[in-house]
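*Asks:* Got a predicted structure plus its sequence, pasted below:
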Amino acid sequence: MAPISRLPTRPSGHAVLKGDDRKINQLPKAKVPLGYFTMEEVSKHSTLDDGWVVVDGKVFNITNFAKFHPGWSNGAQTSTVIAIKRVLGTDCSTEFHTIHKSGKKNS
């Protein structure tokens, strides 16, 4: 299986992608070196304590985003955290694009 490229993370708290509105505690805690990962490696990171996902061939460490998602305390977003937990350690490009069509947030 071909390796997947990894995006740099920013421990400073700056948004990684344009339009990224995560809270500071949802951002990755440490910078991870650039590298390549197989899906086998990504699949080892499938828990709330260590969660990675692949979107469009890029690997994202979403551990803090998943752990501190408002859905844990806001009943209206419970289905979102269930969906996030279900895709940890996988390529979730289809799910991501179904929810985040054209880069717009769904209400």
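*Replies:* Structure's in. What do you need? Predicted model, so just to flag it, every value in this text is computed and none were measured.

*Asks:* Now do Gly103, the pLDDT please.
*Replies:* If you check Gly103, the pLDDT there is 50.

*Asks:* And the helices in this protein?
*Replies:* Assigned helices in the chain, in chain order: 39-43, 63-67, 78-87, 93-99 (criterion: DSSP state H).

*Asks:* Save those as CSV, and put in mean pLDDT too.
*Replies:* Listed next are the helices of the chain as CSV, based on pLDDT from 0 to 100:
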stretch, mean pLDDT
helix 39-43, 92
helix 63-67, 88
helix 78-87, 88
helix 93-99, 89
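
*Asks:* Quick check: which of these is nearest to Val53?
*Replies:* helix 78-87 (5.8 Å; CB to CB). From N, CA and C alone the C-beta is placed, and that goes for glycine too.

*Asks:* which other residues reach the closest one?
*Replies:* When contacts are defined by CB atoms under 8 Å, 6 or more residues apart in numbering, helix 78-87 is touched by residues 48, 51, 53, 62, 65-66, 69, 71-72, 95, 99.

*Asks:* Among the helices of the chain, which comes closest to Asn25?
*Replies:* Across the helices of the chain, closest to Asn25 is helix 63-67 (CB to CB), at 6.2 Å.

*Asks:* tell me what that closest one is packed against?
*Replies:* strand 50-55, helix 78-87 (3 or more CB pairs under 8 Å, 6 or more residues apart in numbering; DSSP states H and E).

*Asks:* Would you point to the one among the ones you listed that's packed deepest?
*Replies:* With neighbours taken as mean count of other CB atoms under 10 Å, these reach their highest mean count in strand 50-55, at a mean of 20.

*Asks:* Next, the angle from that one to helix 78-87.
*Replies:* Strand 50-55 runs at 90 degrees relative to helix 78-87, counting by axes from the mean of the first three to the mean of the last three CA atoms, to 10 degrees.

*Asks:* Now do strand 50-55: everything it contacts.
*Replies:* By CB under 8 Å, 6+ apart, strand 50-55 touches 4, 37, 39, 42, 45-46, 59-63, 66, 84, 87-93, 96.
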